[in-house]
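>>> Structure for this input, please:
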Amino acid sequence: MKILIAFLAAIPLFLNAQEVDASDILFLKIQELEGEIASLRSELEAQAYLLEKFLSEEIVQENISNDNDNLISTETETFRFEGINDSKSINEVYDEGIEHLNEKDFKNAKQSFNYLADNFDDQEKIPLSLFWLGEIALLESNLEESELFFQRLAANYPDHWRTPLAHKKIGDILMMSGELSAAKIKYQYVIQSFPENSASSLALQLLENME
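Residues are numbered from 1 along each chain as shown. Below is the predicted model:
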């Protein structure tokens with residue numbers, strides 16, 4: 001009987017002990033979770049820092065790369081302009097322009113001749129490029145542009161073998177523009193200045209036709 005009473009009396013204590021143990025376990029679990037959360041937070045912060053650092057380094061590297069590319073580009077352009085009178089390059093570009101011209105590809109022909117005229121210095125191919133630019137503009141009925149190219153040829157290369165014909169072409173443009181008096185003066189100039197050139201004979205025939 002005494003044993004039964006003692007057992008019954010111990011039940012509440014046992015239950016309280018179980019409740020205490022459950023509370024302790026829950027508390028420990030919460031602490032464990034808080035520790036894990038703190039650890040995860042620290043890891044996330046570390047990852048965020050590393051990511052930010054990585055992105056910053058990438059931006060710096062990209063800027064350095066861009067600067068290097070610009071430097072290389074500048075050096076390339078400098079090299080190209082230092083070697084601007086390389087005869088092989090001049091001949092290649094000129095031949096390319098002539099090929100386009102023969103194919104009646106005036107757009108690309110103009111691009112080649114303009115590139116030569118604006119970037120190179122050659123006493124033979126540059127005057128010829130200006131002459132063909134004038135001819136192309138004339139074919140396209142762009143009289144003003146054509147006259148500018150022929151004038152540039154005549155002014156900058158007065159001794160070139162195409163210069164007499166360039167002067168005659170200017171006379172043709174003046175005549176097509178209705179400036180007959182100016183055209184006659186130009187033709188007379190060609191006849192007097194270049195009597196041995198075929199351009200003189202052409203100018204003489206045109207003068208006779210205008211009489």
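>>> In terms of helices and strands, where is residue 158?
Using DSSP states H and E, residue 158 sits in no helix or strand.
>>> separation between it and residue 177?
Distance from residue 158 to residue 177, counting by Cβ to Cβ, to the nearest Å: 24 Å. (Each C-beta comes from the backbone N, C-alpha and C, glycine too.)
>>> before we move on, what about residue 117?
Taking Cβ to Cβ, one finds residue 117 at 24 Å from residue 177.
>>> Tell me which of these two has more neighbours.
Neighbours per residue (other Cβ atoms under 10 Å) separate residue 117 from residue 177, with residue 117 holding more: 21 against 13.
>>> Counting neighbours, what do you get for the residue nearest to the more buried one when sequence neighbours are not counted?
Spatially, and ignoring its direct neighbours in sequence, residue 117 is nearest to residue 129 (4.8 Å; Cβ to Cβ, 6 or more residues apart in numbering). By other Cβ under 10 Å, 28 other residues sit near residue 129.
>>> Kindly report the domain assignment for the protein.
1-82, 87-210 (automatic domain parsing).
>>> Those domains: lowest mean pLDDT?
Across the domains of the chain, domain 1-82 has the smallest mean pLDDT, namely a mean of 50.
>>> Residue 95 sits in which helix or strand?
Element membership of residue 95 [criterion: DSSP H and E] is helix 87-102.
>>> For that helix, which outside residues touch it?
83, 106, 108-109, 112-113, 115-116, 120, 122, 125, 128-129, 132, 136 (Cβ atoms under 8 Å, 6 or more residues apart in numbering).
>>> Fine by me, we can end here.
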